[in-house]
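J.: with the sequence up front, the predicted model follows.
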Amino acid sequence: MLRALSLFLAIFFINVTVPAQKRPNVVLIFMDDMGYGDLGVTGALQYQTPAIDQLASEGIRFTNFLAVQAVCSASRAGLLTGMYPNRIGITGALFPNSKIGIHPNEITLAELLKQNGYATGMVGKWHLGDHEKFLPLQNGFDEYFGLPFSNDMWPVDYNGSPATDWRKDSFPPLFILEGNEKKLPVTTLADQGELTRQYTERAVEFIRRKKSTPFFLYFAHSMPHVPIQASARFKGKSQQGLYGDVMMEADWSVGEILKALKENNLDKNTIVIFTSDNGPWLNYGNHAGSTGGLREGKGTSFEGGTRVPCIIRWPEKIKGAQISNSLSSTIDLLPTLADLLTIPLTLSPDGVSLKPVLLEDVKAQPRKEFYYYYRRNALEAVRWNDWKLVLPHRGRTYENFEMGLNGYPGKVNENDSIPQALYDLRRDPGERYDVQTQFPEIVQHLLMLTAKAREDLGDDLVNVPGNHRREPGRIQ
């Protein structure tokens, strides 16, 4: 009898003192204009990124990961909704005082997780509309601290060029928002240099406050988008100049996030995702990053503009030190997280779940196709496995122009005539050797996919509107 009572008490004690496993936390770190070659693990020179490299060694690093579009607002719209951004009416980079933004009917990753019991916080660059109707608190985030658009944009008349000279002692102020309210002015390059630190401190503080409940933290850096600047602590630290300093500070920031997770016993059961919105803005020369040898950069549908680093770590479930060559994209992150967290989706996203790659077989290929849209709604290339058909179009090229220096941009051609070409990215990731005459059957298959995309999403290049596009949010 005494033994039975002791066994009962032991079982009761265990049951009431060992809490059920809570859902994993999610931390999504999104860099701005960071290129494929900007990390130690992808070949960066003259500076080190030990924290990010450690993240890669403890998770899966994707080598064939594409930003959905090679420009700020469109890329972020795709990331947060799992949709091709042109499907939901967001293209290009939204200027201050824009009359459009993300539509309130679109379901963001933050809304999805909040509806399923997650605390949601955002730190950093938003850029999906700066009117109060479009800001983070109206799109699923419980709290927000950051800039509503790019760090080179001021709330003045904006004609596509910098509103003022970044190298002056002061310029018209940006304002960091807290919630929807203007709080801290950003009026000098020194203020720009404090953004990474300020963001990081807020992100760490969010983790500490929310450690007892499942949380989603979206940390969208403003760097290394120009005008780049590092804090005094990191200036002069690298051998590559200011850009290297900025990347070393970004790496420090990642390290602080990982440290906060570990100190609060959250690191094993937190999914950490690290990636970038597009490739480097190459005409800024030594103030721009590296594509790692890929062709062109930001604002183009060549691989240098769209292929970015991606690392996913979840120690409790994902085996570390893995490399995936599977075709994947930022639009795949929402359906992947929904799948991992067993959250049903009411809308069918354009993204696919990468769960098979993460938990089953790193060689799995859940995505076979990808559409490279740019400009307003121009289909510039189509991908099928390792084959890429570049469609004839006019677009940006950085080639044959002298790069800028020390914050001054070099020239680009925004209206270059780009011919149709087929590239085998398995052996030619630099997209230099057109093989369409050797593989006409591949060309035909990719043209079939082109027709499919045009019917669905449209294509300005051939004046096809598309059958399944939605309007953005608008203000009168």
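T.: Now that the structure is in, tell me what you want to look at. Bear in mind the structure is a predicted one, so any value in this text is a computation, not a measurement.
J.: from here on, just use CA atoms for contacts and neighbour counts.
T.: Fine.
J.: okay, now the nearest residue to residue 107 once chain neighbours are set aside: neighbour count?
T.: Leaving aside its chain neighbours, residue 107 sits nearest to residue 81 (6.2 Å; criterion: C-alpha to C-alpha, 6 or more residues apart in numbering). Other residues within reach of residue 81, judged by other C-alpha atoms under 10 Å, total 28.
J.: next up, the contacts around residue 81.
T.: Going by C-alpha atoms under 8 Å, 6 or more residues apart in numbering, residue 81 touches 106-109, 331, 334, 349.
J.: which member of the residues you listed is positioned nearest residue 360?
T.: Distance ranking of these against residue 360, using C-alpha to C-alpha, places residue 334 first at 18.6 Å.
J.: count the residues that sit near the closest one.
T.: Residue crowding around residue 334 was assessed by other C-alpha under 10 Å; the count is 28.
J.: repeat for residue 463
T.: The criterion is other C-alpha under 10 Å. On that basis, residue 463 has 11 neighbouring residues.
J.: residue 476 now?
T.: Neighbour tally, residue 476, other C-alpha under 10 Å: 4.
J.: what residues are up against the closest residue to it other than its chain neighbours?
T.: Leaving out its chain neighbours, the residue that sits closest to residue 476 by C-alpha to C-alpha, 6+ apart is residue 99, at 7.3 Å. Shown in contact with residue 99 (C-alpha under 8 Å, 6+ apart): 129, 131, 474-476.
J.: buried subset of those residues as a ChimeraX selection?
T.: Buried subset of the contacts of residue 99, written as a ChimeraX selection, criterion 16 or more other C-alpha atoms under 10 Å:
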select :129,131,474
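J.: pull the number of nearby residues for residue 200.
T.: Neighbours of residue 200 under the rule other C-alpha under 10 Å: 23.
J.: please, which helix or strand holds it?
T.: Element membership for residue 200 (DSSP states H and E) is helix 195-209.
J.: tell me the strands beside the following helix or strand past that helix, with direction?
T.: With elements assigned by DSSP H and E, the helix or strand that comes after helix 195-209 is strand 215-220. Within its sheet, and counting by DSSP bridges, strand 215-220 is paired with strand 25-31 (parallel), strand 119-124 (parallel).
J.: domains of the protein?
T.: For the chain, the domain assignment from automatic domain parsing gives the residue ranges 23-362, 371-474.
J.: quick check: end-to-end length of the longest one?
T.: The reference is to domain 23-362. Taking C-alpha to C-alpha, to the nearest Å, the span from the opening residue of domain 23-362 to its closing residue is 23 Å.
J.: mind saving the C-alpha coords of the lengthiest helix in the chain as PDB?
T.: Secondary structure of the chain per DSSP state H: the longest helix is helix 242-263. Extracted as PDB, the C-alpha positions of helix 242-263 are listed here (Å, rounded to 0.1, in the frame of the first residue of the first chain):
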ATOM      1  CA  LEU A 242      33.400  50.100 -44.200                       C
ATOM      2  CA  TYR A 243      31.400  47.400 -45.900                       C
ATOM      3  CA  GLY A 244      33.400  44.700 -44.100                       C
ATOM      4  CA  ASP A 245      32.800  46.700 -40.800                       C
ATOM      5  CA  VAL A 246      29.100  46.700 -41.400                       C
ATOM      6  CA  MET A 247      29.000  43.000 -42.100                       C
ATOM      7  CA  MET A 248      31.000  42.300 -39.000                       C
ATOM      8  CA  GLU A 249      28.500  44.200 -37.000                       C
ATOM      9  CA  ALA A 250      25.700  42.300 -38.600                       C
ATOM     10  CA  ASP A 251      27.400  39.100 -37.600                       C
ATOM     11  CA  TRP A 252      27.700  40.400 -34.000                       C
ATOM     12  CA  SER A 253      24.000  41.000 -34.100                       C
ATOM     13  CA  VAL A 254      23.300  37.400 -35.100                       C
ATOM     14  CA  GLY A 255      25.600  36.300 -32.300                       C
ATOM     15  CA  GLU A 256      23.600  38.400 -29.800                       C
ATOM     16  CA  ILE A 257      20.400  36.800 -30.900                       C
ATOM     17  CA  LEU A 258      21.800  33.300 -30.600                       C
ATOM     18  CA  LYS A 259      23.300  34.200 -27.200                       C
ATOM     19  CA  ALA A 260      19.900  35.500 -26.000                       C
ATOM     20  CA  LEU A 261      18.200  32.300 -27.100                       C
ATOM     21  CA  LYS A 262      20.800  30.100 -25.300                       C
ATOM     22  CA  GLU A 263      20.700  32.200 -22.100                       C
END
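J.: show me how far it is from its chain's centre.
T.: Mean-position distance between helix 242-263 and its chain equals 17 Å (C-alpha atoms, centre = their mean, to the nearest Å).
J.: give me the element residue 452 is part of.
T.: For residue 452, the element it lies in under DSSP H and E is helix 440-457.
J.: which strands and helices sit next to that helix?
T.: Using 3 or more C-alpha pairs under 8 Å, 6 or more residues apart in numbering; DSSP states H and E, the elements in contact with helix 440-457 are strand 378-384, strand 387-390.
J.: make it 7 Å
T.: Counting contacts by 3 or more C-alpha pairs under 7 Å, 6 or more residues apart in numbering; DSSP states H and E, the secondary-structure elements packed against helix 440-457 are strand 378-384.
J.: residues making contact with the strand it packs on?
T.: Under the contact criterion C-alpha atoms under 7 Å, 6 or more residues apart in numbering, strand 378-384 has outside partners 301, 368-374, 388-391, 393, 446, 450, 459-461.
J.: could I have the buried ones of these as PyMOL selection syntax?
T.: Below is the selection syntax for PyMOL that covers the buried ones among the contacts of strand 378-384, with 16+ other C-alpha under 10 Å defining burial:
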select buried, resi 301+369+370+371+372+373+374+388+389+390+391+393+446+450+459+460
